[in-house]
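# Pasted the sequence and its predicted model underneath.
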Amino acid sequence: MLMCRALVGKPHVVTEAGDSIDAAKAAGCDCVCGDREQKVGTYKEYIFFDERSVVPEYAVIYKRQYDRNAVPVEMRQDAKGVTGRNWQVRLEGGWANFPPDVSHELNQLEKSGGMTYDRVIGNIMYHFDLSDMSQKNTQSDKSRKIRPPMRR
């Protein structure tokens, strides 16, 4: 993760999604601030027009801790937004969320006590096995690890 120093200047603040860059430039603003914090309580995101407005200052290397008990009590926070709500599959680049409909079906399977489930995703049949937490592509026979949502 990079910690950057950013010169915000005069921001053009918006709460609705959309392309606001032209409106911000026309108003003489230096960046766009998408205020998701005000809209849905998550975060603010900034879009800068000039790369010289953002300077990397520190590189932070960390390991995310998923065990709630390993996090000091004073640092614990509930996740907001969609973080941790979906089932995930382990890809070469890390963990990726399943689409919400697949996550919902896997939650229903787990809740009912079922262990296996077959599902077509993108024209490919997958076999899910909750006993060994795996997903198998039935065409290529490749298996990948899966994990349940982090937030219940």
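That came through fine. Just so it is clear, the structure is predicted and the values come from calculations on it, not from any experiment.

# tell me the phi and psi of residue 45?
Note on residue 45: its backbone torsions stand at phi -130, psi 140 [degrees, to the nearest 10].

# Enumerate every residue touching it.
Neighbour list for residue 45: 33, 34, 36 [criterion: Cβ atoms under 8 Å, 6 or more residues apart in numbering]. Glycine gets a C-beta too; all of them are placed from N, C-alpha and C.

# how about 6 Å then?
Residue 45 sits next to residue 34 when contact means Cβ atoms under 6 Å, 6 or more residues apart in numbering.

# what secondary structure does residue 89 sit in?
State at residue 89, reduced to three classes by DSSP: H, G, I helix; E, B strand; the rest coil: strand.

# Below-threshold pLDDT in the chain: ranges please.
65, 78-83, 151-152 (pLDDT under 70).

# can you list the domains in it?
Segmentation of the chain into domains, based on automatic domain parsing, reads 2-59, 88-147.

# And stretch 130-147, what's buried?
Buried positions in stretch 130-147, judged by neighbour count with 16 or more other Cβ atoms under 10 Å: 130, 134, 135, 136, 146.

# Give me the contacts around stretch 8-28.
Taking Cβ under 6 Å, 6+ apart as the rule, stretch 8-28 contacts 29, 30, 31, 32, 33, 34, 35, 38, 39.

# among the residues you listed, which ones are buried?
Buried among these by 16+ other Cβ under 10 Å: 29, 30, 31, 32, 33, 34, 35.

# got the contact list for the first one?
By Cβ under 6 Å, 6+ apart, the contact list for residue 29 reads 10, 12.

# ok, back up a step: and the domains of the chain: which comes nearest residue 75?
domain 2-59 (17.9 Å; Cβ to Cβ).

# re the thing from before, now tabulate the domains of the chain in CSV and tack on distance to residue 67.
What follows is the domains of the chain, written out as CSV (distance: least, Cβ to Cβ, whole Å):
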stretch, distance to residue 67
domain 2-59, 24
domain 88-147, 13
